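# generate coordinates for the sequence data below:
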Amino acid sequence: IPFVDQRVPFRSWGRDVKPNTPWGTLPVLELSDGTRMAQSRSILRFVGRYTGLYPTTAEDDDNNNTNLLRAQKIDELMDALEDLGAAVGGVGVGLPKEELEAARLDACVEKDGVVYRMLERIDGFIGEYGTAGFAV
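Residues are numbered from 1 along each chain as shown. This next block holds a predicted model:
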């Protein structure tokens, strides 16, 4: 899909850009006809449907709800990735910068670290449900 990646300089965000976004947040996807949409997962599902990578119908060859289940697994992984972001952001909150960075590194590389454990689960999920180079 051809697109233009427009980055927002920090100095422009609050004054110029934020008030003109649908929810006061990024990302915003603007289509060639001017249609604007927001919210990361909503945009991901739209692009997935547009490209044929996200199931759009319950119809399938074996009448087993295969497409609905595939869509659910896609959403499940997207939600897990959102949880991962929150987990990373929650590690070391309130610590001085060097300690925060060390705590986050430990959370990622130590086998009992919260991020490490989540990444293991995500890797297992992709191993179980992934096919042909796709995570689901």
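# buried residues, stretch 41-61. List them.
Across stretch 41-61, burial judged by 16 or more other CB atoms under 10 Å covers 44-45, 48, 54-55. Quick note: C-beta positions are derived from backbone N, CA and C, even for glycine.
# so what touches it?
1, 27, 29, 37, 65-68, 70-71, 74-75, 78, 82, 134 (CB atoms under 8 Å, 6 or more residues apart in numbering).
# circling back: now, the buried residues of stretch 41-61 that are in helices?
Under the assignment DSSP state H, the buried residues of stretch 41-61 contribute 44-45, 48 to helices.
# looking at the buried residues of stretch 41-61, which is nearest Glu99?
For these, the residue nearest Glu99 by CB to CB is Leu44; the value is 34.0 Å.
# what's the closest non-adjacent residue to Gly92?
Ala103 (3.4 Å; CB to CB, 6 or more residues apart in numbering).
# isn't that neighbour up against Val91?
Yes - using CB atoms under 8 Å, Ala103 makes contact with Val91 at a distance of 5.3 Å.
# neighbour count: the two, which is higher?
Val91 (18 against 15; other CB atoms under 10 Å).
# quick check: closest non-adjacent residue to the more buried one.
Val91 sits nearest to Ala107 (CB to CB, 6+ apart), 4.5 Å away.
# tell me where this protein has strands.
With DSSP state E as the criterion, the chain has strands at 28-30, 36-38.
# which helix is the longest one in this structure?
From DSSP H, the single longest helix across the chain is helix 66-90.
# show the pLDDT at Asp60.
With respect to pLDDT, Asp60 has a value of 58.
# if we can go back for a sec, a markdown table for the ones in helices among the buried residues of stretch 41-61, including pLDDT?
A markdown table is the format used below for these (pLDDT from 0 to 100):
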| residue | pLDDT |
| --- | --- |
| Leu44 | 92 |
| Arg45 | 90 |
| Gly48 | 91 |
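# if we take these, which one ends up nearest to Pro96?
Taking these together and measuring to Pro96 by CB to CB, the closest member is Leu44, at 35.3 Å.
# now do that closest one against Asp83, distance only.
Taking CB to CB, to the nearest Å as the measure, Leu44 falls 15 Å from Asp83.
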